[in-house]
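> The following block contains a protein sequence and its predicted model.
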Amino acid sequence: MAEVLVVVEASPAAGVKKVTLEMLTLARGLGSPCAVVFGDAAALTDRLGEYGAEKVYAASGEDVQDYLVAPKATVVAGLVRSVRPAAVLLASTQEGKEIAGRLAVKLDNGLLTDVVGVEADGTATQVIFAGSGVVKSRVTRGLPIVTVRPNSVPAQPAPVTPVVEQVTVSVAEADKLARVVERVAEARGARPELTEASIVVSGGRGVGNADNFAVVEELADLLGGAVGASRAAVDAGFYPHQFQVGQTGKTVSPQLYVALGISGAIQHRAGMQTSKTIVAVNKDAEAPIFELADFGVVGDLFKVVPQATDEIRKRK
Ligand SMILES: Cc1cc2nc3c(=O)[nH]c(=O)nc-3n(C[C@H](O)[C@H](O)[C@H](O)COP(=O)(O)OP(=O)(O)OC[C@H]3O[C@@H](n4cnc5c(N)ncnc54)[C@H](O)[C@@H]3O)c2cc1C
């Protein structure tokens, strides 16, 4: 069976990210899943094997770790030329998409982004136009290079013991134009990462101020979810920018998305409308978010949410 390269997303704090496990699950339907790791592969190999990575290509050293994404695209392009895989899967994250774009140019190959499913023949289900449409697409030039949206498929274990193969990294000076000069670990709380969370509770301008976001956080914590925010809430200083959901923020696709005091503007919807179940609380019955919501409560969030949190607490 032909190999399917899965470009691994991982962080020193969290290890292998959930989206990587989802891609390995998806890859099993296309061929033999092989993970491509940049940096220290030893710490990640067991976890990758748990989810079916038959081989781990380990590319390490200053040339890949000290520069931005250009060397990574060069390494993956080299692997594609030598291994001739059936497909390459990358995460639909900022870095994954940038590597994918560069890879497609290097190989003069087609590219599909924001994919939520891939069939055995390479036909992909793709979310387009900021989430307002879903199409079936296929790469017609070269092999499928596909970026996969986090939370599109459930990650399913399929344990194997991976063979680890060191990759000789040989990158050109042109790949070294932007160097990483410092790495600062982002302070992380106990909450899951926004784009990977199965439950997201978001607050909008209707939350009123930064202190009131405690109501949003409390519900998120009781549900074991992440906290998000609309751009209006972020612009008003209620919540930090890295939690913005939407066209110019993060794209989330959780099992459950709870929108509190969010009107449901098209730019917000772009980042959350592929959520499996959407619950909205808004005091305006005409708010556009209700067109999208599976469950809606017309009411003041400061009356509705405490009742919900009390009820959840009773059931714990
Ligand atoms: C180029 C561009 C990019 C953009 N990118 C993004 C993006 O990435 N993400 C994003 O979110 N927006 C984005 N926007 C902004 C977007 O157009 C909206 O302005 C924004 O989403 C509105 O946020 P909101 O729903 O929180 O605020 P509002 O539209 O002001 O809605 C607040 C809602 O809260 C309700 N409310 C008020 N008080 C209560 C209460 N006590 N209880 C219950 N409900 C209450 C109101 O009825 C109202 O529906 C972008 C805009 C542009 C032009």
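Cool, the structure landed.
> residues contacting the closest residue to Lys97 other than its chain neighbours?
Nearest-residue entry for Lys97: Thr147, 5.3 Å, with adjacent residues in sequence omitted and distances by Cβ to Cβ, 6 or more residues apart in numbering. (Each C-beta comes from the backbone N, C-alpha and C, glycine too.) Going by Cβ atoms under 8 Å, 6 or more residues apart in numbering, Thr147 touches Leu89, Leu90, Ala91, Ser92, Gly96, Lys97, Ala100, Leu111, Leu112, Thr113, Asp114, Val115.
> go with 7 Å
Under the criterion of Cβ atoms under 7 Å, 6 or more residues apart in numbering, the contact list for Thr147 reads Leu90, Ala91, Ser92, Gly96, Lys97, Ala100, Thr113, Asp114, Val115.
> again with Val6
Taking Cβ under 7 Å, 6+ apart, we find Val6 in contact with Thr20, Met23, Leu24, Ala27, Pro33, Cys34, Ala35, Val36, Leu89.
> The fourth one contacts Leu5, correct?
The one in question is Ala27. No. Assessed by Cβ atoms under 7 Å, Ala27 is found out of contact with Leu5, at 8.3 Å.
> Return every residue with contacts to both of those two.
Residues touching both Ala27 and Leu5 do not exist when contact is defined as Cβ under 7 Å, 6+ apart.
> on that earlier part again, which one of the contacts of Thr147 is nearest Val127?
Within these, distances to Val127 taken as Cβ to Cβ reach their minimum at Asp114, with 4.7 Å.
> Which of the three states applies to that closest one?
In the three-state summary, Asp114 is assigned as strand, counting by DSSP: H, G, I helix; E, B strand; the rest coil.
> That one: what's its closest spatial neighbour, skipping adjacent residues?
Closest residue in space to Asp114, ignoring its immediate chain neighbours: Val127 at 4.7 Å, by Cβ to Cβ, 6+ apart.
> Repeat that for Ala53.
Spatial nearest neighbour of Ala53, chain neighbours left out: Ala35 (4.2 Å); criterion: Cβ to Cβ, 6+ apart.
> Also Ser60?
Nearest non-adjacent residue to Ser60, counting by Cβ to Cβ, 6+ apart: Gly39, 5.7 Å away.
> what does this protein put close to the ligand?
Within the chain, the residues that sit near the ligand (Cβ under 6 Å from any ligand atom) are 204-206, 230-233, 244-249, 261-263, 265, 267-268, 271, 281-284, 287, 300-302.
> Can you tell me which of the residues you listed end up in helices?
When helices are assigned by DSSP state H, the members of those inside them are Arg231, Ala232, Ala233, Gln267, His268, Leu301, Phe302.
> Include distance to Pro192 when you put the residues you listed into CSV, please.
Rendered in CSV, the data for those read as follows (distance: Cβ to Cβ, whole Å):
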residue, distance to Pro192
Arg231, 22
Ala232, 24
Ala233, 20
Gln267, 24
His268, 20
Leu301, 22
Phe302, 25
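> List only buried entries from the residues of the chain next to the ligand.
204-206, 230-233, 244-247, 249, 261-263, 265, 268, 271, 281-282, 287, 301-302 (16 or more other Cβ atoms under 10 Å).
> between the contacts of Val6, which is closest to Lys136?
Of all these, Leu89 has the smallest distance to Lys136: 17.2 Å, by Cβ to Cβ.
> any idea of the mean pLDDT for the helix or strand where the residue nearest to Ala53 lies?
Of the helices and strands defined by DSSP states H and E, Ala35 is found in strand 32-38. Averaged across strand 32-38, pLDDT comes to 97.
> all helices of the stretch 101-250 of the chain, in order?
The residue ranges that make up the helices of the stretch 101-250 of the chain, judged by DSSP state H, counting those that start in this stretch, are 213-223, 231-235.
> Can you say which of those helices is nearest to Leu68?
Judged by Cβ to Cβ, the one of the helices of the stretch 101-250 of the chain that comes nearest to Leu68 is helix 231-235, at 25.7 Å.
> where's the residue most central in space within the chain relative to Thr25, distance?
Residue closest to the average C-alpha location in the chain (Cα atoms, centre = their mean): Pro150, at 3.5 Å. From Pro150 across to Thr25, the span is 13 Å (Cβ to Cβ, to the nearest Å).
> do Ala124 as well
According to Cβ to Cβ, Ala124 stands 15 Å off from Thr25.
> What sits closest to Thr65 if chain neighbours are left out?
Just to correct that, residue 65 is Gln rather than Thr. Gly39 (5.7 Å).
> go on, Glu217?
According to Cβ to Cβ, 6+ apart, the nearest residue to Glu217 is Val227 (5.6 Å).
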